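1. I'd like to go over a predicted model; first the sequence, then the structure.
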Amino acid sequence: MYEDLTRPQCSVLTQLCTAHIGLNVFPFRFRLAPSPNCPLCLVPETVSHYLLACPLFCHQCLALILHIGTAQLSLRRLLSVKVDHAPVLSYVCDTGRLPRYAL
Ligand SMILES: [Zn+2]
């Protein structure tokens, strides 16, 4: 599916697409996180919140917008198989929110 990417890069993209990733919503389902919410915003820390809405990562989001060339971001646009994944992978790396991935 992601032929030109490393295994960790494929893993993080797949997990972002499936929402089975270490943001609070998913581990909370298994009682591995104390809350499903973003600690800053107090709303569910979903993939959408993480990539598109959380002010905690506004600087990284601005870099994402500049890299992609539009502020009209959507999960579909960011995670589609046919797009350049470098901006999203840089975002994940730069936020430090998913430290388990050595990207
Ligand atoms: Zn937030």
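-> Perfect, thanks for sending it. In this text the structure is predicted, and so the values were computed from the model without any measurement.
2. C-alpha from now on. contacts and neighbour counts both.
-> OK.
3. in this protein, what residue is nearest the ion?
-> Residue nearest to the ion within the chain: Cys54 (3.7 Å; Cα to the ion).
4. per-residue confidence for that residue?
-> The model reports Cys54 with a pLDDT of 97.
5. Run a quick neighbour tally on the closest residue to it other than its chain neighbours.
-> Spatial nearest neighbour of Cys54, excluding adjacent residues (Cα to Cα, 6 or more residues apart in numbering): Cys41 at 7.2 Å. Cys41: 13 surrounding residues under other Cα atoms under 10 Å.
6. I'd assumed Val43 was in contact with the residue of the chain closest to the ion.
-> No: here Cys54 does not reach Val43: they are 9.6 Å apart, not a contact under Cα atoms under 8 Å.
7. For these two, indicate the residue with more neighbours.
-> Cys54 (17 against 14).
8. So which bits of this structure are right by the ion?
-> The chain comes close to the ion at residues Cys38, Cys41, Cys54, as judged by Cα under 5 Å from the ion.
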